[in-house]
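# sequence first, predicted model second:
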Amino acid sequence: MDSVNADELVAPAWLNAQFIEEVLKKHECRPELRVLDVQMSPASAKGDHYASIMFRANVSYTCTGGKQSKSLIIKTMPDEEGHKKEMLSGSHLFETEIGMYTKVLPRFEQILREAGDNTRLCAPCLYCSLEPRQVMIFEDLVPLGYTVIRKREATTEELNFAFLKLAKLHAVSFHVLHEQPEYLQEFKNGLFEIPNMRQDPFCITGMKKFLDFLEEFPELRKYKPYFEKMENDYIDRVEIVMQEYRRNRKPNGYYVLCHGDFHLKNMMFKQREDGSLEDVMLLDYQVSNICPITMDLIYAVYMLMGIEERHNNYKELLDYYFAEFLATLQNIGYKGDLPNSVEFWQQIFQHKCYDIYLITTFLPMMNAFKHNDFDPAEVFQKEDLQRGMYRLDSYVQDVKYLLARFEAEGFFQNQ
């Protein structure tokens, strides 16, 4: 079972047939429902996620009408002691995601439907709770034909589908923030509001490992002085941008409710019988928060796109996203001044500190997970494994191209 996370091999004792029966009774409004059997298994593969544990429950039950079955995805907090539990302790992850699924996403879908757009922004959530345990239960999308992309990069068509869905999520939130800003004010807990984020060694030592990496390659050493200048404040600069809406709002800033973790394993794709794409479903809204529109998009360049798209097609993909963002705003009746492309790209360049944080810290890990069998639990805790990710040839070649592009764009002249 090396292909799954170790803490998802055995479900916690409370996650049993009695618990599932109570959930289904309430969801289906059938007090006579009786669960006959529950088969639990890991719901995801190693490297798919980290900020929770997930199980698939294949449930057989009886109710009026006879015997039935249902597949559920159950998401909860880790019980086992260790880095994952310590890292996530005291976080607002489940509070945020429950708010998204019960309040925000249904309302956003309603706004789209009223404009003639039947886009679905989330999988059906059957049950959620913060007490006595943080848990969410979803309809399993696999029997409906959705799959996670593994062991390959997303195609341009798949990326366009993902950016289209993100554009609609962003546009509706932009509209709501303009018309009724108080509706979304509770969504203020992003990456840097995770209590232990700024103390976790993995999250704060990426630049040191990156500088050592630059020193090893003669053609990259010329960039080292620029990154040394950023070493003491690059994380502070990212945090300032992420919290800009709440602490230092800019009059020309484009603010939306960002997904917060917009990468390939947080979406599932569905194909039609002829092989064409029918839909993409976004997953995992645990760090959704109001912040600059650029945060999801810069993140997507490094955490969603593959190397080829990142090098050759990222501007076209983001232009496509922005065109759909504007089209959705117009379709849902947004009455303010429309954002413009020039300002959009200026803000992306102004927030280059996020590029730096991702390249130096999270891109090595994402690259390793895509192309190698790394265990997330070990990666977060073992520095030798972390350093090894910076030496993978795919990462080396990626960085060589990216830093040359940054240099050509004049980024280093401003440091």
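Nice, thanks for sending it over.
# helices or strands next to the one helix or strand residue 345 maps to in the packing?
Of the helices and strands defined by DSSP states H and E, residue 345 is found in helix 341-350. For helix 341-350, the packing partners by 3 or more Cβ pairs under 8 Å, 6 or more residues apart in numbering; DSSP states H and E come out as helix 294-303, helix 314-331. Using the backbone N, CA and C atoms, a C-beta is placed for each residue, glycine as well.
# the longest one to helix 341-350, inter-axis angle?
Orientation note: helix 314-331 sits at an angle of 130 degrees relative to helix 341-350 (axes from the mean of the first three to the mean of the last three Cα atoms, to 10 degrees).
# and helix 314-331, what's buried?
Along helix 314-331, the positions that meet the burial threshold by neighbour count (16 or more other Cβ atoms under 10 Å) are 314, 317-318, 320-322, 324-326, 328-329.
# residue 145: which of these is nearest?
residue 324 (23.8 Å; Cβ to Cβ).
# re earlier: need the buried residues of helix 314-331 in a markdown table (columns: pLDDT and distance to residue 382).
Shown next, in a markdown table, are those (pLDDT from 0 to 100; distance: Cβ to Cβ, whole Å):
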| residue | pLDDT | distance to residue 382 |
| --- | --- | --- |
| 314 | 96 | 32 |
| 317 | 98 | 34 |
| 318 | 98 | 35 |
| 320 | 98 | 39 |
| 321 | 98 | 36 |
| 322 | 98 | 40 |
| 324 | 98 | 41 |
| 325 | 98 | 40 |
| 326 | 98 | 45 |
| 328 | 98 | 44 |
| 329 | 98 | 46 |
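# which SS class is the residue nearest the centre of the chain?
Per Cα atoms, centre = their mean, the C-alpha nearest to the average position across the chain is that of residue 261, at 2.0 Å. Per DSSP: H, G, I helix; E, B strand; the rest coil, the secondary structure class of residue 261 is coil.
# spit out the contact partners of it.
If a contact means Cβ atoms under 8 Å, 6 or more residues apart in numbering, then residue 261 has 284, 286-287, 299 as its contacts.
# recalculate using a threshold of 6 Å.
When contacts are counted by Cβ atoms under 6 Å, 6 or more residues apart in numbering, residue 261 is found next to 284, 287.
# ok, back up a step: do you know which of the helices and strands packed on helix 341-350 lies nearest residue 124?
In terms of Cβ to Cβ, the element of the helices and strands packed on helix 341-350 nearest to residue 124 is helix 314-331, at 22.7 Å.
# which other helices and strands contact that closest one?
Contacting helix 314-331 under the criterion 3 or more Cβ pairs under 6 Å, 6 or more residues apart in numbering; DSSP states H and E are the following elements: helix 156-179.
# run the last query once more with 10 Å
Using 3 or more Cβ pairs under 10 Å, 6 or more residues apart in numbering; DSSP states H and E as the contact criterion, the elements in contact with helix 314-331 are helix 105-114, helix 156-179, helix 294-303, helix 307-312, helix 341-350.
# quick one: average pLDDT of the longest one?
The one in question is helix 156-179. Per-residue confidence for helix 156-179 averages out to 98 on the pLDDT scale.
# swap in the third one?
Helix 294-303 shows a mean pLDDT of 98 in the predicted model.
# next, the angle from it to helix 314-331.
Computed with the same axes, to 10 degrees, the direction of helix 294-303 lies at 140 degrees from that of helix 314-331.
# just the CA atoms of helix 294-303, as CSV, please.
Listed next in CSV are the C-alpha coordinates belonging to helix 294-303 (Å, rounded to 0.1, in the frame of the first residue of the first chain):
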residue,chain,number,x,y,z
THR,A,294,-3.2,37.4,-8.6
MET,A,295,-2.8,35.0,-5.8
ASP,A,296,-4.7,32.1,-7.4
LEU,A,297,-3.2,32.8,-10.8
ILE,A,298,0.5,33.1,-9.9
TYR,A,299,0.0,29.9,-7.8
ALA,A,300,-1.5,28.2,-10.8
VAL,A,301,1.5,29.0,-13.0
TYR,A,302,3.7,26.9,-10.8
MET,A,303,1.4,24.4,-9.1
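# touching the helix holding residue 345 from outside, list them.
241, 250, 252-254, 292-294, 297-298, 301, 315, 318-319, 321-323, 325-326, 339-340, 354-355, 409-411, 414 (Cβ atoms under 10 Å, 6 or more residues apart in numbering).
# for residue 69, find the nearest of the helices and strands packed on helix 341-350.
If you check each of the helices and strands packed on helix 341-350 against residue 69 by Cβ to Cβ, helix 294-303 wins as the nearest, at 35.7 Å.
# what angle do the closest one and helix 156-179 make?
Comparing the axes of helix 294-303 and helix 156-179 via the same axes, to 10 degrees yields an angle of 170 degrees.
# domain parsing for this protein?
If you go by automatic domain parsing, the domain ranges for the chain are 6-77, 140-414.
# how far away is residue 281 from residue 159?
From residue 281 over to residue 159 the distance is 15 Å, taken as Cβ to Cβ, to the nearest Å.
# just to revisit the earlier point, dump the domains of the chain to TSV, plus distance to residue 121.
Formatted as TSV, those follow (distance: least, Cβ to Cβ, whole Å):
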stretch	distance to residue 121
domain 6-77	17
domain 140-414	6
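# indicate which one of those domains is closest to residue 93.
With distances scored as Cβ to Cβ, the stretch of the domains of the chain nearest to residue 93 is domain 140-414 (4.1 Å).
# three-state assignment of the residue nearest to residue 248 when sequence neighbours are not counted?
In space, residue 248 comes closest to residue 240 once its chain neighbours are excluded; the distance is 7.4 Å by Cβ to Cβ, 6 or more residues apart in numbering. State at residue 240, reduced to three classes by three-state DSSP: helix.
# for this structure, give me the ranges with low pLDDT.
Residues of the chain meeting the criterion pLDDT under 70: 1-8, 46-51, 79-89, 371-375, 377, 414-415.
# quick one, strands of it?
If you assign secondary structure with DSSP state E, the strands in the chain sit at 34-42, 53-63, 66-76, 125-129, 135-139, 146-147, 255-258, 267-271, 277-282, 289-292.
# give the partner strands of the fifth one in its sheet and their orientations.
Sheet neighbours of strand 135-139, with direction, are listed as strand 66-76 (antiparallel), strand 125-129 (antiparallel) (DSSP bridges).
# let's see the last one as CSV, backbone CA atoms only.
Which is strand 125-129. Coordinates of the C-alpha atoms in strand 125-129 are reproduced here as CSV (Å, rounded to 0.1, in the frame of the first residue of the first chain):
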residue,chain,number,x,y,z
CYS,A,125,-21.8,18.0,0.4
LEU,A,126,-24.1,15.6,2.4
TYR,A,127,-22.9,16.4,5.9
CYS,A,128,-20.5,18.7,7.8
SER,A,129,-19.6,19.3,11.4
